[in-house]
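A.B. asks: Below are the sequence and a predicted model for it; my questions follow.
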Amino acid sequence: MMTNPPLNVPRLIVLIGPPGSGKTTWARTHGHGAVHVSQDDLIDAITPHGFEHIYRPMYAEAEDAVARAALKAGHTVIVDRTNRTRAHRERWLQISREAACPAIAVVMTASKEICLARNAARQDHRLVSEERMERMFAAMEPVQPGEGFLAILHDTATMEEIKEQLSHEHCHQTR
């Protein structure tokens, strides 16, 4: 039995928000039938004791490879990482263009205080230092309509709402 069947239209859903903003929870809640590309999970797979700067290019290549393979196979992909700047998001938009599929941004709306509290409650190597959290908050760039996303939604959006958005706005392209 296939536990992760392709959905009717492959799409790339890019989650955007600082650590502790609810990206992973959103992906787990709404991502049934989608491939979850989690920066944290791939880091754990490559270097089980946490992030190591020397492996940064390998982490990125692993994320890209999983996303490309899943889209090629007809799956929806949810990208779970901060995606805090336009430059970070452009990487995913390029992959969506290569796959001729729509990209949708889902912006997390948790307050800075909630993100800091959730991060402080982490008990493992995923705990981000307060200094790094502050740098991430300072670097967050709001998603702009001209970036290339089919839609920019907030974390209250469900997968059904995303599908509905596609049925109204996306012209199916020859693959």
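C.D. replies: Structure received.
A.B. asks: for this structure, what spans make up the helices?
C.D. replies: 23-30, 39-46, 56-72, 86-98, 112-120, 130-139, 159-169 (DSSP state H).
A.B. asks: gap between the closest residue to Pro102 other than its chain neighbours and Ile13?
C.D. replies: Of all residues not flanking Pro102 in the chain, Leu150 sits nearest, at 4.1 Å (Cβ to Cβ, 6 or more residues apart in numbering). For every residue, glycine as well, the C-beta is placed using N, CA and C. The gap separating Leu150 from Ile13 is 10 Å, by Cβ to Cβ, to the nearest Å.
A.B. asks: cool, Ala67 as well?
C.D. replies: 11 Å.
A.B. asks: likewise Glu147?
C.D. replies: 14 Å.
A.B. asks: Show me what the most centrally placed residue in the chain bridges to in the sheet.
C.D. replies: Centroid check for the chain by Cα atoms, centre = their mean gives Val79 as the closest residue, at 2.3 Å. Val79 has these beta-bridge partners by DSSP bridges: Val14, Val37.
A.B. asks: For it, which residues are in contact?
C.D. replies: 12-15, 37, 63, 67, 92 (Cβ atoms under 8 Å, 6 or more residues apart in numbering).
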